[in-house]
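Visitor: next comes the sequence, and after it the predicted model I'd like to discuss.
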Amino acid sequence: MSTMEPWLREILRCPNCRAELRDETGEAGPELVCTSDTCGLTYRIDDGVPVLLVDEARKPA
């Protein structure tokens, strides 16, 4: 799971489509995944800070 503060996690949304994000653990560590069926971007979390940049997000396979 992520190392982010729970209150921050609750208010974050996907910057691409504004859908909710869910916590997951990927190969490189904690990440946030968009819950939208049409978007599905994955954002990494660096030292507890979410990197919510669409250009740096991983696209779904």
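Guide: Alright, I've got the coordinates. Remember, predicted model here, so these are calculated numbers, not experimental data. Numbers count the residues shown, from 1 in each chain.

Visitor: the residue nearest the centre of the chain: which element?
Guide: Taking CA atoms, centre = their mean, the centroid of the chain lies closest to Leu32, which sits 2.2 Å from it. Using DSSP states H and E, Leu32 maps to strand 29-34.

Visitor: re the thing from before, leaving out the residues flanking it, which one is nearest to the residue nearest to the centre of the chain?
Guide: The spatial neighbour of Leu32 that comes closest, neighbours along the chain excluded (CB to CB, 6 or more residues apart in numbering), is Leu21 at 4.0 Å. In this view, the C-beta of every residue, glycine as well, is placed from N, C-alpha and C.

Visitor: is that neighbour part of a helix or strand, or is it coil?
Guide: At Leu21 the chain is in strand, as set by DSSP: H, G, I helix; E, B strand; the rest coil.

Visitor: gap between it and Ala61?
Guide: The gap separating Leu21 from Ala61 is 18 Å, by CB to CB, to the nearest Å.

Visitor: so those two - more neighbours on which side?
Guide: The residue with more neighbours, out of Leu21 and Ala61, is Leu21; 23 against 5, by other CB atoms under 10 Å.

Visitor: quick check: the residue nearest to the centre of the chain vs Arg58, distance?
Guide: 11 Å.

Visitor: so what's the residue count around the residue nearest to Val54 when sequence neighbours are not counted?
Guide: The shortest distance from Val54 to any non-neighbouring residue, by CB to CB, 6+ apart, is to Asn16 (5.0 Å). By other CB under 10 Å, the residues close to Asn16 number 16.

Visitor: secondary structure element for Asn16, which one?
Guide: Counting by DSSP H and E, Asn16 is part of no helix or strand.
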